[in-house]
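1. No sequence on hand, only this structure:
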């Protein structure tokens, strides 16, 4: 793997670890386990999971653009 | 008052459209197994997006998931949660597998694993695990389709009849068009499901409570335990544990990319970019689970309660005295969810039985056209078997499927070792697969034996990895030049050039 692609890939791995921690114990239990406040009409516990799905989509788009850029030689 | 006739007419029109969409593309692919199973490795982004997306949204998504939300509250969120990361490994595994597939002619993942280690028995074991998972899974899709038609016609269409008609259509387009039939119908079914889910998911809370926020405020007042993660355990009374919730998410993330009907689409994509874009776009399909969850929550305070939680959605619709057209459209949406998974499962399991079982493991060579013919007849046999299972065995089906889920996740260490670890050996992979599956099934059958309250797949994965590493270390010999060549192709870094 060329070094130009290793940076974004390491960052993606770090992001995935963060998302996993946020979606299960302990992140979800510590920060997402409450009903109030309602966001977009959703209880906070539901919004929390929805938020990480949407953020991961954005991060994947970004990673794809960066890694794709480094593949052009 | 709902008229059963109008419902049947709407579903009939939908099925006719599926048949037309599914049987037309047959002429476009070659008469070979590569054409029938992998679409001549030429599928573009639209087909790949809908195949991978719609395949995952099965009858369970439309019927089971609202049932979960209704009974167990936010425990159902684990499905939304694992989908965030579940497909990410495929961004890396997919292009590697595709490159090897082009070089060596693979159309299934087991062929690839067996070739790397020059061990045909591995393909046989993987084919057996996949088939054992697939047949009850397909039977459940058939039951789902039969059930929903039966409920919304107030019993006018018997379950066996509804399932038979729906799956006769599936058989017709899978037989005729192979993976292209699956793909183009999934585009149609996917759009249909997405539209219906959002309309129903936003409209039902509005109709019943005056809005999504108002609905959750009412639930927070009367049933707050449903909204506090990790939700309720399967009984619907006690709280679920964080260990079981978290380990269920982790096992599902590990297992997601391994589902054979999903992984083998690596061999169908036009190029590596298409595969990567499919992974990047996948969460947009995942978000569609949110309105489905809202439907389940809409049922929480709905009176009268349904006889079975899985019937919450058809139950609400039938009790709201909706026009037949609306009920018919919903019913077609649920049938679409069943078909879009059922077609891919039937197609994949027949391809796997013929390619991995008959050709690779047993070493029987077939001509290109013979192979396609064989796969077609096995599609018919698999669907007939699943249909009998759906009609005959009522209560135990869901349990069978639960037992099957653990072993599927056990394919991940085998795939990672095949594509990334040059130190792995065939006996190591085999030991890991068999040991991991055995441990997983043991704890699924006897959950009280688990040392900690974690998903049985976690124990299976631990045993799998330990056995894979240990046995590989013990059996490692001189590297085979074919294996070295395999690893060189796998690790090539230019995803833009097809290998």
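-> That came through fine. Since this is a predicted model, take the numbers as computed values, not measurements.

2. Near chain B, which residues of chain A? Just list them.
-> Selection of chain A residues close to chain B by CB under 8 Å from any CB of the partner chain yields A:1-2, A:5, A:12, A:16, A:19-20, A:23-25, A:28-29, A:32-36, A:38, A:40-43, A:45-46, A:49-50, A:52-54, A:56-57, A:60-61, A:64, A:68, A:71-73. To be clear about C-beta, it is placed using only N, CA and C from the backbone, and glycine gets the same treatment.

3. Tell me which entries of those lie within strands.
-> Among these, no residue falls in strands (DSSP state E).

4. Local confidence estimate at residue B:349?
-> Listed pLDDT for residue B:349 reads 94.

5. Can you get me a residue count around it?
-> Neighbour count for residue B:349, taken as other CB atoms under 10 Å in any protein chain shown: 28.

6. do the same with residue B:238
-> 10.

7. how about the nearest residue to it, chain neighbours excluded?
-> Using CB to CB, 6 or more residues apart in numbering or on different chains and skipping the chain neighbours, the partner closest in space to residue B:238 is residue B:232 (6.7 Å).

8. so that neighbour bridges to which residues?
-> residue B:239 (DSSP bridges).

9. where does chain A have low pLDDT?
-> A:1-5, A:69-73 (pLDDT under 70).

10. Give me the most central residue, it.
-> residue A:56 (3.6 Å; CA atoms, centre = their mean).

11. now chain B, which segments are flagged as low pLDDT?
-> Ranges of chain B meeting pLDDT under 70: B:1-2, B:26-27, B:394-404, B:493-499.

12. Touching, the residue nearest to residue B:238 and residue B:240? I think so.
-> Yes. Counting by CB atoms under 8 Å, residue B:232 touches residue B:240, with 5.9 Å between them.

13. Pull up the overlap in contacts between these two.
-> Common neighbours of residue B:232 and residue B:240, counting by CB atoms under 8 Å, 6 or more residues apart in numbering or on different chains, are B:72, B:75.

14. residue contacts, residue B:414?
-> Residue B:414 neighbours (CB under 8 Å, 6+ apart): B:113, B:122, B:126, B:429, B:432-433, B:468.

15. make that residue B:8, sorry
-> B:153, B:156-157, B:328.

16. Adding neighbour count, write these out as CSV.
-> Output for the contacts of residue B:8, formatted as CSV (neighbours: other CB atoms under 10 Å in any protein chain shown):
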residue, neighbour count
B:153, 22
B:156, 14
B:157, 22
B:328, 26
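
17. Please identify which of those residues is nearest to chain A.
-> residue B:328 (28.8 Å; CB to the nearest CB).

18. What is the burial count for residue B:39?
-> Neighbours of residue B:39 using other CB under 10 Å come to 30.

19. pretty sure it is touching residue B:32, no?
-> No. The pair residue B:39 / residue B:32 is not scored as a contact, 10.9 Å apart, by CB under 8 Å.

20. For the chain, give the helix that spans the most residues.
-> Answering for chain A, as no chain was given. helix A:44-71 (DSSP state H).

21. nope, chain B
-> helix B:159-209.

22. For the next helix or strand after that one, give me every contacting residue.
-> Next helix or strand after helix B:159-209 toward the C-terminus (DSSP states H and E): helix B:212-222. With contact meaning CB under 8 Å, 6+ apart, helix B:212-222 is reached by A:35-36, A:38, A:40-43, A:46, B:202, B:205-206, B:208-209, B:226-227, B:294, B:297-298, B:300-301.

23. try 7 Å
-> A:35, A:38, A:41-43, B:205, B:209, B:226-227, B:294, B:297-298, B:300-301 (CB atoms under 7 Å, 6 or more residues apart in numbering or on different chains).

24. does whichever helix or strand comes after that helix come close to chain A?
-> Sequence-wise, the next helix or strand downstream of helix B:212-222 (DSSP H and E) is helix B:242-256. Yes. Using CB under 7 Å from any CB of the partner chain, we find that helix B:242-256 touches chain A at B:242, B:245-246, B:249-250.

25. quick one: residue B:201 and residue B:295 touch, right?
-> Yes. Using CB atoms under 7 Å, residue B:201 makes contact with residue B:295 at a distance of 5.3 Å.

26. How about the contacts made by the residue nearest to the centre of chain A?
-> Taking CB under 7 Å, 6+ apart, one finds A:19, B:84-85, B:283 in contact with residue A:56.

27. Narrow those to those in helices?
-> Filtering those for helices - DSSP H - leaves A:19, B:84-85, B:283.

28. that older thread, just want the angle from the longest helix of chain B to helix B:212-222.
-> For helix B:159-209 against helix B:212-222, the angle by axes from the mean of the first three to the mean of the last three CA atoms, to 10 degrees is 90 degrees.

29. distance between helix B:159-209 and the chain's centre?
-> 14 Å (CA atoms, centre = their mean, to the nearest Å).

30. Can you tell me which helices and strands it packs against?
-> helix B:4-23, helix B:33-38, helix B:45-56, helix B:120-152, helix B:212-222, helix B:289-298, helix B:324-352, helix B:368-392 (3 or more CB pairs under 7 Å, 6 or more residues apart in numbering or on different chains; DSSP states H and E).

31. pretty sure residue A:35 is touching residue B:225, no?
-> No. Residue A:35 is not in contact with residue B:225 according to CB under 7 Å; the separation is 10.2 Å.

32. right, and the secondary structure at residue B:31 would be what?
-> coil (DSSP: H, G, I helix; E, B strand; the rest coil).

33. Look up the closest residue to it, ignoring the ones flanking it.
-> Computed as CB to CB, 6+ apart, the closest residue to residue B:31 that is not its neighbour in sequence is residue B:369, at 5.5 Å.

34. so how far is residue B:170 from residue B:380?
-> 11 Å (CB to CB, to the nearest Å).

35. give the contact list for residue B:334.
-> B:59, B:62-63, B:148.

36. try 8 Å this time
-> So residue B:334 contacts B:59, B:62-63, B:144-145, B:148, B:313-314 (CB under 8 Å, 6+ apart).

37. Among the residues you listed, which pair sits farthest apart?
-> B:145 and B:313 (14.0 Å; CB to CB).

38. Which one of these two is surrounded by more residues?
-> The neighbour comparison of residue B:145 against residue B:313 (other CB under 10 Å) goes to residue B:145, with 30 against 27.

39. hang on, isn't the more buried one packed against residue B:168?
-> No. Using CB under 8 Å, residue B:145 makes no contact with residue B:168, being 11.3 Å away.
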